[in-house]
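**Q** sequence plus predicted model, see below.
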Amino acid sequence: MKSLIKKLVETVGPSGYESKIREVVRAEVEKYADEISVDAMGNLIVKKGEKKEGGLKVMLSAHIDEIGVMVTHVDKNGFARFTTIGGVRPHTCYGSRVRFLDGTIGVIGGERLENANHVHAIEAMYIDVGAASFEDCPVKIGDVASFDRPFEDLGNRLVSKAMDDRVCAAVLIETLKLVKISPHELYFVFSTQEEVGLRGATTAAYSIDPDLGIAADVTMTGDTPRGIKMDVALGKGPAIKVKDGGMLADPKVVDAMVRCAQKHEIPYQLEVLLGGTTDAKAMQISRAGMPAGCVSVPTRYVHTPSEMVDINDLNNAVKLLTAFISEPIKLA
Amino acid sequence: MKNNEILSQIPEIGEVQIQLLEKLSNAVSVSGEESEVRSIVMEEVKEFADDIRVDSLGNVLVTKKGKVDDPVCVMIAAHMDEVGFMLVDDEGEGLFKFEIVGGIDNRQLVGKPVLVGKDKLPGVIGAKPIHLTTADERKNPIPLDSLRIDVGPGNSKKCKVGDRATFATRFETWGPSLVGKALDDRLGVATLIELIKHTPENIELLAAFTVQEENGLRGARVAAYSMHPEVAFVLDSTPANDLPVWDEEENGRYNVKLNHGPAIYRLDAGTLSDPRLINHLVKVGDDFKIPYQFRQPGKGGTDAGAIHKQRGGIPSVSISVPGRYAHTAVLIARKADWDNTMKLIFTSLAKFNRDVLSVDR
């Protein structure tokens, strides 16, 4: 699991440019899939099994895109101005390094801060790839990069950029490997463009037209010193989402997941997230609507280059999802 | 088709096309009430189209069949609506409170002549003259609720709450420049009309003249659903903020520049353009030596934002004619940019086939 996560998080794949990470995922899932397809938005859709008596058509979605930056202008001295892809905040940029799709490395710089309490706006920063002039600069307008930070194994805790949401891609891959017998027709969707507005899941949900939608994504925690008031902590199990900023999970789905966790003695937490949302929102309101829910992985420092998760939560998320989709799902 | 054949078939931007643009620019079609532009479009395309339909939102959906077996179904969208105003309260004597429809900076309103309603009755957004204002008042923009559209008592009974209004600018050409209101996106509408008159034979053209783009891409959403194309190109206009910067720093936030050719989109607030289509446009532009530029990635958006998310996803990209002073009373574009936009879209369509999309995005 750890080596899989390392491989996934260290691949560059900002929203809209997921082809590399998709190939990494494809190599992992190929053996276990009945059918694999890539749609117009670049979603990787892995089908497994057929709907049997008492079964449902279930879509599981984890997004493979990550936040990043796109170059807007290279000036005559070779500095590249940039805009953000997804929820990138200025304080995580200053001094960070980025890696472009072709491997070029740059550092995000800015003039010396006059007041250390006020970091530069994105517009006042630039990417310095070590070029001396426009002509000498290997990047050009429209090139994309993601933040560059190595994966670190701290024992139970793991740190990297792009844990959001590659850890859940890993959870879905492991779940796919473990599901042996299921009454359900399962679609594992490795979705694109989540960070810019759930765009991949929107079209995938339309094409698949499932009976039930389950997202796997990261969520924030309230377990840091003077952290936000939130009843989710690292290491206490996957969080079953009750609500977030964009969706009220179907209570029947929440209940079914809770019953499943209790039955199999898998630790779990209940999640009420005030901001943010997941692919489950796009699924819930697709076509005529569907029951939808989400299994969340508690994550500290979301949308910074050092997101932290607990390996036990990931293993338990795999257990929970595998158990959940291996049995008939009673939504009563 | 050979490249020199394609070149010989590119629709020309001449006097006739500029006259059509003038007619389109002078028409009043604020979002939600696009009938005047719709009539012009339908009159222009009726003898060339295989099918014309007006849907329930008011989009004009035109089909021009391909001349080959199994042609690629390509949607091309251009929005008919423009930003403007709506009268919301009749205060008597020809004075009306109004709201802005779409995105217009308050500071652009003061002192501007406007046209109100279907009969285009003249009015003005008046303001207190300098004699009577204080120095402090002059420092701040006048809030919308302090402004009125004044049509005078003569026409007051002919205007009513709910009527739309827009800037009264009349179209002109100034040497190489095209000057008028609503060139965002009548330039796209005029281009699309020409494409219906001169369609590359390898594609089935699904032309969508959309409504309500300026207030949220509403027409394009339903148009893309019903047309269900394999691929979509959006023709629009985007602001050129290319004036010199006076402190001698390099202008790094120009968005696009006049006279640098059609602007190809990579990222805006609503869309990450399909890289396969970007590459196609770039390759065709290079092969045919048509100048093009990339719009600086950033805010803003086009109908592509709604189109690409329809159904199971539709590969989409936008191309804009650059224009200075967009969403004000006057937009200035260059004829050469329009001409090159026409060339780029026509040649890109003529060279388009399913191979472009055969590799995964």
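**A** Good, I have the coordinates.
**Q** OK, contacts around the nearest residue to residue B:218 once chain neighbours are set aside?
**A** Leaving aside its sequence neighbours, residue B:218 sits nearest to residue B:212 (Cβ to Cβ, 6 or more residues apart in numbering or on different chains; 3.9 Å). To be clear about C-beta, it is placed using only N, CA and C from the backbone, and glycine gets the same treatment. Residues in contact with residue B:212 (Cβ atoms under 8 Å, 6 or more residues apart in numbering or on different chains) are B:31-32, B:34, B:57-58, B:79, B:81, B:218-219.
**Q** and for the residue in the stretch 1-150 of chain A that chain B sits nearest to, nearest residue in space, chain neighbours not counted?
**A** Here the stretch 1-150 of chain A gets closest to chain B at one residue, residue A:16, 3.0 Å apart by Cβ to the nearest Cβ. Nearest in space to residue A:16, with sequence neighbours left out and distances taken as Cβ to Cβ, 6+ apart, is residue B:272 at 3.0 Å.
**Q** just give the number of residues close to the one you found.
**A** Residues near residue B:272, counting by other Cβ atoms under 10 Å in any protein chain shown, number 30.
**Q** could you measure from it over to residue A:232?
**A** Going from residue B:272 to residue A:232 by Cβ to Cβ, to the nearest Å gives 31 Å.
**Q** again, but for residue A:13
**A** 26 Å.
**Q** quick one on the thing from earlier: among the contacts of residue B:212, name the buried ones.
**A** Neighbour counting with 16 or more other Cβ atoms under 10 Å in any protein chain shown marks B:31-32, B:34, B:57-58, B:79, B:81, B:218-219 as buried within the contacts of residue B:212.
**Q** list just the nearest of these to residue B:330.
**A** For those, the closest approach to residue B:330 (Cβ to Cβ) belongs to residue B:81, at 18.2 Å.
**Q** wasn't residue B:222 part of a strand?
**A** No: read with DSSP: H, G, I helix; E, B strand; the rest coil, residue B:222 is helix and lies in no strand.
**Q** would you check that it makes contact with residue B:61?
**A** No: using Cβ atoms under 8 Å, residue B:222 is not in contact with residue B:61; the gap is 9.7 Å.
**Q** got any residues that touch both of those two?
**A** residue B:55.
**Q** how does chain A divide up, domain by domain?
**A** A:2-66+A:161-326, A:68-147 (automatic domain parsing).
**Q** which pLDDT does the model give the residue of the stretch 1-150 of chain A closest to chain B?
**A** Looking at residue A:16, its pLDDT is 98.
**Q** what's it in contact with, if anything?
**A** Contacts of residue A:16 by Cβ under 8 Å, 6+ apart are A:42, A:65, A:85, A:144, A:192-193, A:196, B:267, B:272, B:275.
**Q** wait, a strand at it?
**A** No: residue state for residue A:16 (three-state DSSP) corresponds to coil; a strand is not indicated.
**Q** list the contacts for the nearest residue to residue A:91 once chain neighbours are set aside?
**A** Closest residue to residue A:91 apart from its sequence neighbours, by Cβ to Cβ, 6+ apart: residue A:119 at 4.8 Å. Listed by Cβ under 8 Å, 6+ apart, the contact set of residue A:119 reads A:90-91, A:94, A:113.
**Q** thinking again about what came up before, of the buried ones among the contacts of residue B:212, which belong to strands?
**A** Within the buried ones among the contacts of residue B:212, membership in strands is found for residue B:79, as judged by DSSP state E.
**Q** surely residue B:235 and residue B:80 touch.
**A** No: using Cβ under 8 Å, residue B:235 makes no contact with residue B:80, being 11.8 Å away.
**Q** intersection of neighbour lists for the two?
**A** Joint contacts of residue B:235 and residue B:80 (Cβ under 8 Å, 6+ apart) are residue B:185.
**Q** higher neighbour count, the two?
**A** Neighbours were counted for residue B:235 and for residue B:80 using other Cβ under 10 Å; residue B:80 has more, 31 against 27.
**Q** wouldn't that one be in contact with residue B:210 here?
**A** Yes: using Cβ under 8 Å, residue B:80 is in contact with residue B:210, at 6.6 Å.
**Q** with adjacent residues omitted, what lies nearest to residue A:193?
**A** residue A:199 (3.8 Å).
**Q** count of residues packed around the one you found?
**A** 29.
**Q** quick one, what contacts it?
**A** Per Cβ under 8 Å, 6+ apart, neighbours of residue A:199: A:41, A:192-193, B:272, B:308-309.
**Q** what does residue B:254 give?
**A** A:73, B:240-242, B:296.
**Q** for residue A:286, same thing?
**A** With the criterion set at Cβ under 8 Å, 6+ apart, residue A:286 makes contact with A:202, A:205-206, A:209, A:213.
**Q** mind redoing it with 7 Å?
**A** A:202, A:205-206 (Cβ atoms under 7 Å, 6 or more residues apart in numbering or on different chains).
**Q** closest one of the residues you listed to residue A:261?
**A** residue A:205 (24.9 Å).
**Q** which residue is the nearest non-sequential neighbour of the closest one?
**A** Residue A:205's closest residue in space is residue A:286 (Cβ to Cβ, 6+ apart), at 3.8 Å.
**Q** how about residue B:228?
**A** residue B:311 is the one closest to residue B:228 (Cβ to Cβ, 6+ apart), at 6.3 Å.
**Q** helix, strand, or coil at that neighbour?
**A** Applying three-state DSSP: residue B:311 is coil.
**Q** now swap in residue A:173 and tell me
**A** Residue A:173, by the three-state scheme (three-state DSSP), is helix.
**Q** who's in contact with it?
**A** Here residue A:173 is in contact with A:4, A:25, A:28-29 (criterion: Cβ under 7 Å, 6+ apart).
**Q** as TSV, these with neighbour count and distance to residue B:102 would be great.
**A** Listed next are the contacts of residue A:173 as TSV, based on neighbours: other Cβ atoms under 10 Å in any protein chain shown; distance: Cβ to Cβ, whole Å:
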residue	neighbour count	distance to residue B:102
A:4	19	48
A:25	27	41
A:28	21	47
A:29	19	45
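**Q** what does stretch B:32-48 rub up against?
**A** By Cβ under 7 Å, 6+ apart, stretch B:32-48 touches B:20, B:23-24, B:27-29, B:52, B:58, B:60, B:62, B:64, B:80-81, B:164, B:189, B:193, B:196-197, B:209, B:211-212.
**Q** and the buried ones among those residues, selectable in ChimeraX?
**A** Restricted to buried positions by 16+ other Cβ under 10 Å, the ChimeraX selection for the contacts of stretch B:32-48 reads:
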select /B:20,23,24,27,28,29,52,58,60,62,64,80,81,164,189,193,196,209,211,212
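**Q** of the contacts of stretch B:32-48, which belong to helices?
**A** By the criterion of DSSP state H, membership of those in helices covers B:20, B:23-24, B:189, B:193, B:196-197.
**Q** verify the contact between residue A:243 and residue A:249 for me.
**A** Yes: the pair residue A:243 / residue A:249 is scored as a contact, 6.5 Å apart, by Cβ atoms under 7 Å.
**Q** look at these two and report which has more neighbours.
**A** Shown here are residue A:243 and residue A:249; by other Cβ under 10 Å, residue A:249 has more neighbours (25 against 16).
**Q** ok, the more buried one - contacts?
**A** A:241-243, A:280, A:292-294 are the contacts of residue A:249 under Cβ under 7 Å, 6+ apart.
**Q** cool, residue B:223 as well?
**A** B:55, B:59, B:61, B:77, B:208, B:210 are the contacts of residue B:223 under Cβ under 7 Å, 6+ apart.
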